[in-house]
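[1] Prediction below, plus the sequence it came from.
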Amino acid sequence: DSNWGSRRSRSAQDTSTVKELHYDIAHLRLHEYASMENDAKACYDRMVPNLIMLISRSFGISRGACRSVGKTFQKTRHHLTTKNGISKESFGYSNANPIFGSWQGATKSVVNWVLTSSIIQNIHQATTEGATFQSTGGEIEVRQSTVGFVDDNNNCVSQLRGQGSIVEKLKNSAQKWERLLYATGGMLELSKCFTYVINWEQDNQGRHKISDKMQAITIQESQTGQTKEINQKSTGESHKTLGCYKSPAMNMKAQAEDTTKKAEKISQLTCSYGLSANTSRLAYRSVYLPAVTYPLTSLYMSKRVLDKAQAKATRRFLRCHGFNPHMPRIVAYAPKLLGGLGMQRMYITQGVSSTTQMLKHITAGSTIGKLFRIAISWLQRWAGIGHCIMQRPDREIPPTSSKMLMSIREFLTECRATIRINKNPRVKRLHDTFIMDHIMYSNFSRQKINMANKVRLYLQVETVSDISNSDGNKIEKSWLQEGQKPSTST
């Protein structure tokens, strides 16, 4: 269930969302996480026809259909087309010179790769540790060793802090994937592969941050037998994958710059040809909006950043549509039903698409929905308050490094909307209360609130009854002593 490419009801945005949730949960749990971004070398052109047919048969495709495709592989002759016409000479499959590959652009190539990659992904997950994500109560668990969209694939591993070297686990996982891919005729372009490693360290104030320590891994290339070192990127360095810029440190600077450049370039090209108002509206809907809003489903850029990114483009399109470019934006973004122009504000588009994505998958009970539930449960644990964080998004919670869920909470607050996903946390006694509810309504500074919450997480307590005596009127002296209950997961 880790292959989202070329399958019904699955998209590249789903894959991007999975990666973002992996990072979000790693930040909320403060556990170690590592991944290797793979680049498969000409994946369609290296597939072995005979192996493809065997795999197809294992998925229930009829013998006749497989035989027909196999004969097509064997008998097809390939000619070259140039300005001078079609070549008389041709080449094709022969025992002396077998041709491999499923041909780029062929309809069957997509199916062949989906079946092949599904097989090796299942083997990889069964024979490697992978990354395991659990909700706070352990009732929901997701284990993934690979996340892929067609040939865009990454291996991932995770563990609690203090359980040895996570880099060694990543090396074993990546080496296994390289050999499985090679067994099917494929090959990794190791010079283009790279890794991310999330390790946590504490400063003198007890604040956690991602370690800058570089820990490169080596992979043995099956075809040549050579050992090659894989480049490790800093967690703050973004990379472009499936049209989005991602980084484990959740740095959105590169994505904001890319969105701004794309919006300005498309608007400039569209509005420089003297199009009529109706034609420019068509270009706005069919070209501009799909291009600039595509990545927003799994991102969390702030309102200020998104408004700035589309400012110039909005002025240009207003002028092309025949309106004053300085028209109040509340009118430009208002729906036509209410007398507005019906233009889209990117911040609203981001909020609607990310919230819809979350609800869709949670309702369907998919793997992504389970990851959302796991992330919400850890954010609830982090907040330590007595109500569901999505049901009361307007209520402030302690500072957190979670970006995706906090972005959805901010949007729900703007819309005055609520979502009830989990039941409200329950107290353990009559008249019991949650510690963080008292602290959040105190006059403490943001820094002190953060420090108090980290102490609470370290002691693994949530309610007043957890630290009080049986009468509930005093704090137990043992809780005021050093060396109490260190947490292994938060």
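    Arrived safely. Residues are numbered from 1 along each chain as shown.
[2] wait, doesn't residue 55 sit right on residue 119?
    Yes: Residue 55 is within contact range of residue 119, at 5.8 Å (criterion: Cβ atoms under 8 Å). The way it works is simple: take the backbone N, C-alpha and C, and place the C-beta from them, glycine included.
[3] Looking at the two, which has the bigger crowd around it?
    residue 55 (20 against 17; other Cβ atoms under 10 Å).
[4] wait, what's in contact with that one?
    Counting by Cβ atoms under 8 Å, 6 or more residues apart in numbering, residue 55 touches 112, 115-116, 119.
[5] Repeat the analysis, applying 7 Å as the threshold.
    By Cβ atoms under 7 Å, 6 or more residues apart in numbering, the contact list for residue 55 reads 115-116, 119.
[6] Of these, just say which sits nearest to residue 104.
    residue 116 (15.4 Å; Cβ to Cβ).
[7] Give the bridge partners for residue 153, please.
    residue 38, residue 148 (DSSP bridges).
[8] how much space between it and residue 11?
    Going from residue 153 to residue 11 by Cβ to Cβ, to the nearest Å gives 16 Å.
[9] Same check on residue 45?
    From residue 45 to residue 11 the distance is 25 Å (Cβ to Cβ).
[10] what mean pLDDT would you report for the helix or strand hosting residue 229?
    Residue 229 is part of strand 227-232 when elements are defined by DSSP states H and E. Taken as a whole, strand 227-232 carries a mean pLDDT of 91.
[11] buried sites along it?
    By neighbour count on 16 or more other Cβ atoms under 10 Å, the buried set for strand 227-232 is 230, 232.
[12] Can you name the element that comes right after it?
    Following strand 227-232 toward the C-terminus (DSSP H and E): strand 239-241.
[13] The next helix or strand after that next one pairs with which strands, parallel or anti?
    Later in the chain than strand 239-241, the nearest helix or strand by DSSP H and E is strand 244-246. Using DSSP bridges, strand 244-246 pairs in its sheet with strand 239-241 (antiparallel).
[14] The strand it pairs with: which residues count as buried?
    residue 241.
[15] What of stretch 49-60?
    49, 51-53, 55-56.
[16] now swap in stretch 332-345 and tell me
    By 16+ other Cβ under 10 Å, the buried positions in stretch 332-345 come out as 332-334, 340-341, 343-345.
[17] Let me know the closest of the residues you listed to residue 357.
    Nearest to residue 357 among the buried residues of stretch 332-345: residue 344, at 17.1 Å, using Cβ to Cβ.
[18] Leaving out chain neighbours, which residue sits closest to the closest one?
    In space, and not counting its chain neighbours, residue 344 is closest to residue 289: 6.1 Å by Cβ to Cβ, 6 or more residues apart in numbering.
[19] same check, this time on residue 52
    That would be residue 112: by Cβ to Cβ, 6+ apart, it lies 4.8 Å from residue 52.
[20] what sits up against the helix or strand hosting the one you found?
    If you go by DSSP H and E, residue 112 is part of helix 107-127. Applying Cβ under 7 Å, 6+ apart, the contact partners of helix 107-127 are 2-3, 5-7, 43-44, 47, 52, 55-56, 59, 69, 102-103, 145-146, 148, 150, 176-177, 180-181, 184.
[21] And the helix or strand just after that helix, what does it pack against?
    Next helix or strand after helix 107-127 toward the C-terminus (DSSP H and E): strand 131-134. With contacts taken as 3 or more Cβ pairs under 7 Å, 6 or more residues apart in numbering; DSSP states H and E, strand 131-134 sits against strand 141-144, strand 152-159, helix 367-383.
[22] Adding distance to residue 35, write those out as CSV.
    Output for the helices and strands packed on strand 131-134, formatted as CSV (distance: least, Cβ to Cβ, whole Å):
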stretch, distance to residue 35
strand 141-144, 10
strand 152-159, 4
helix 367-383, 15
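[23] export the buried residues of stretch 332-345 to TSV and tack on distance to residue 271?
    Converted to TSV, these look like this (distance: Cβ to Cβ, whole Å):
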residue	distance to residue 271
332	15
333	19
334	22
340	21
341	16
343	14
344	17
345	19
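[24] and of those residues, the nearest to residue 128?
    residue 344 (43.0 Å).
[25] ok, the closest one touching residue 290?
    No: between residue 344 and residue 290 there is no contact under Cβ atoms under 7 Å: 11.0 Å.
[26] okay, now residue 178: neighbour count?
    Residue 178 has 23 nearby residues by other Cβ under 10 Å.
[27] measure it to residue 309 for me?
    Taking Cβ to Cβ, one finds residue 178 at 39 Å from residue 309.
[28] One more: residue 344?
    Taken as Cβ to Cβ, the span from residue 344 to residue 309 is 13 Å.
[29] Check residue 213 too.
    The value you get for residue 213 to residue 309, if Cβ to Cβ is used, is 34 Å.
[30] thinking again about what came up before, would you format the buried residues of stretch 332-345 as JSON lines with secondary structure included?
    Shown next, in JSON lines, are the buried residues of stretch 332-345 (DSSP: H, G, I helix; E, B strand; the rest coil):
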{"residue": "332", "secondary structure": "helix"}
{"residue": "333", "secondary structure": "helix"}
{"residue": "334", "secondary structure": "coil"}
{"residue": "340", "secondary structure": "coil"}
{"residue": "341", "secondary structure": "coil"}
{"residue": "343", "secondary structure": "coil"}
{"residue": "344", "secondary structure": "coil"}
{"residue": "345", "secondary structure": "coil"}
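[31] Need the residues you listed in CSV (columns: distance to residue 197 and pLDDT).
    CSV is the format used below for these (distance: Cβ to Cβ, whole Å; pLDDT from 0 to 100):
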residue, distance to residue 197, pLDDT
332, 45, 93
333, 42, 94
334, 47, 93
340, 48, 91
341, 48, 92
343, 43, 94
344, 38, 93
345, 37, 94
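[32] in the stretch 151-300 of the chain, which spans are strands?
    152-159, 194-198, 200-202, 208-210, 217-220, 227-232, 239-241, 244-246 (DSSP state E, counting those that start in this stretch).
[33] Which positions in the longest one come out as buried?
    Yep, that's strand 152-159 we're talking about. Quick answer for strand 152-159 (16+ other Cβ under 10 Å): 152-159.
[34] Assign residue 301 to helix, strand or coil.
    coil.
[35] who's in contact with stretch 308-323?
    Applying Cβ under 7 Å, 6+ apart, the set of residues contacting stretch 308-323 is 256, 259-260, 263-264, 267-268, 271, 275, 277, 280-281, 284, 324-325, 327, 332, 343, 346.
[36] List buried residues within those residues.
    For these, buried by 16+ other Cβ under 10 Å: 256, 259-260, 263-264, 267, 271, 280-281, 284, 327, 332, 343, 346.
[37] Show only the entries of those residues found in helices.
    Of the positions in these, 256, 259-260, 263-264, 267, 271, 280-281, 332, 346 sit in helices, assigned by DSSP state H.
[38] from the residues you listed, which is closest to residue 35?
    residue 256 (23.0 Å).
[39] Looking at this structure, which residue reaches furthest from the middle?
    Distance from the centre of the chain peaks at residue 88, with 49.9 Å (Cα atoms, centre = their mean).
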